[in-house]
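Colleague: Task: produce atomic coordinates for the following.
(one chain, ligands or ions: 2)
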Amino acid sequence: MGKPSPHILKETIRAQAKQLGFGLCGFTTCDPPAHRATYEAWLTAGRHGAMAYLATERARRTRADPRRLMPACQTIIVLGCLYAPPLPPTDDPLGGRVAAYALGDDYHDLLPAMARRLAESITAQVDAPLEWRAVSDTAPLLEREIGQRAGLGWIGKNGMLISPQRGSYFVLAELLISLDLPPDPPFESNRCGSCRRCLDACPTACLLPDRTLDATRCISYLTIENRGDIPEALRHGIGRWAFGCDICQEVCPWNVRFAGPAPSSPLAARRHFPLRDLRAELLADEAALAARFRRSPLRRAKRAGWMRNLIIALGNTGRPEALQALERALADADPLLRRHAAWALGQIGGTSAGRMVGEALEAETDAETRAALRHALDHLARAAAR
Ligand code: SF4
Ligand code: SF4
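Modeller: Numbers count the residues shown, from 1 in each chain. Ligands and ions are numbered 1, 2, ... in the order given. As a prediction, this is how the structure comes out:
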């Protein structure tokens, strides 16, 4: 039996990708992305916030030419792994939310391994040595644009790649391979039309007209990538999101209509979600926190970021039942957490909150945290006078 034709091989690869757990699979060239100037302008405007790794000279050059990642690359196989839509907000008054992609195991670990298995299977079929490289958000590639070029969907006004059959609840991986396969036709149409639901629903108004977003205002960035204090003006908009945000995907009609359960997804949710009680998370000991982080995307926020987010979410509940847990955070060794706890207590208000913040101010030695405590006391006094 001779070697399969490139077209037959391509369809075989697509079927194998599906068997491996990739619900979406498309093929494109290694050519430079056409819209990299938009991305460069985004970087120049500082919309990437503290994600300095996106703006290094090396990252910029690689993004402009995927062959820099693998000079022998002839085809990029773009793979999408579906995950289940977000869990609805819990009715629990002290409950919180986590972005749907983060409810299961970390795709940064899983997807390259799945793509590697696909590469091994392709190598066996062509019976010739091949070079390949598997990435999933682990190399500077304009993944969504490359996905659009591979025919998977269009980039919506929410900045997500949207599949007309599956919506946008999927994460991408790319397999760069030294095998010449016929590219799929790019997805040329834009099916957002006059819809602007995502723009209207975004709590921090960070979606921009050129289909990018101002990361420095986006809840996903603020709760995951941002390591320090979250600007006070943005804390209310975070609501009860403890990690990431799905709002601009939840409202998208393409998800409402087409996204469905993904029970066999390698990214299927683990059993200890949703977050029914943010206090329990905040009071978790080291062992419980380690269990929460194990193999989970949540670990990206690290202890400080995760606890900071829980504190903000608790402040946004406005519930006095949160006071005790926040008082514990007010005594945390990390001043970042003490500052955010002061803010959260200020949001809940009342004499107990005032006493807690006042006592903490007497003991506090860190200048920045003292200022946050004073600010919270002022806020409490103003609220009491109303
Ligand atoms: S993830 Fe949330 S904050 Fe970020 S753009 Fe979407 S709706 Fe806005
Ligand atoms: S909500 Fe509407 S405008 Fe936003 S991405 Fe979806 S279809 Fe496009």
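Colleague: For the stretch 151-300 of the chain, which residues score under the pLDDT cut-off?
Modeller: 263, 271-272 (pLDDT under 70).
Colleague: Please enumerate the strands of it.
Modeller: Per DSSP state E, counting those that start in this stretch, the stretch 151-300 of the chain carries strands over the ranges 154-155, 161-162, 170-177, 241-243.
Colleague: Figure out which of those strands is closest to ligand 2.
Modeller: strand 161-162 (6.2 Å; C-beta to the nearest ligand atom). No exception for glycine: its C-beta is placed from N, CA and C like everyone else's.
Colleague: helices or strands up against the closest one?
Modeller: helix 143-149, strand 154-155 (3 or more C-beta pairs under 8 Å, 6 or more residues apart in numbering; DSSP states H and E).
Colleague: Mind giving me the packing neighbours of the strand or helix carrying Ala134?
Modeller: In the assignment (DSSP states H and E), Ala134 maps to strand 132-135. With contacts taken as 3+ C-beta pairs under 8 Å, 6+ apart, strand 132-135 sits against helix 107-126, strand 170-177.
Colleague: got CSV for these, with mean neighbour count and distance to ligand 1 too?
Modeller: Shown next, in CSV, are those (neighbours: other C-beta atoms under 10 Å; distance: least, C-beta to the nearest ligand atom, whole Å):
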stretch, mean neighbour count, distance to ligand 1
helix 107-126, 18, 17
strand 170-177, 26, 14
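Colleague: any idea which of the ones you listed scores lowest on pLDDT?
Modeller: Per-stretch mean pLDDT for those is lowest at helix 107-126 (a mean of 93).
Colleague: Next, the angle strand 170-177 makes with that one.
Modeller: Here the directions of helix 107-126 and strand 170-177 differ by 40 degrees (axes from the mean of the first three to the mean of the last three C-alpha atoms, to 10 degrees).
Colleague: what ranges do the helices span in the stretch 251-386 of the chain?
Modeller: For the stretch 251-386 of the chain, the helices defined by DSSP state H, counting those that start in this stretch occupy 253-258, 278-282, 286-293, 302-317, 323-330, 335-348, 351-363, 367-385.
Colleague: Ligand 2: which of the ones you listed is closest?
Modeller: helix 253-258 (5.6 Å).
Colleague: got the contact list for that closest one?
Modeller: Helix 253-258 is contacted by residues 85, 156, 162-169, 191, 195, 197, 249 when judged by C-beta atoms under 8 Å, 6 or more residues apart in numbering.
Colleague: Around ligand 1, pick out the residues from the chain.
Modeller: 158, 202-204, 206-207, 213, 218-220, 245, 247-248 (C-beta under 6 Å from any ligand atom).
Colleague: State the distance from Arg292 to Leu103.
Modeller: Separation of Arg292 from Leu103 (C-beta to C-beta, to the nearest Å): 12 Å.
Colleague: any idea how far the closest residue to Ala268 other than its chain neighbours lies from Leu175?
Modeller: Of all residues not flanking Ala268 in the chain, Gly104 sits nearest, at 5.3 Å (C-beta to C-beta, 6 or more residues apart in numbering). Distance, Gly104 to Leu175, using C-beta to C-beta: 21 Å.
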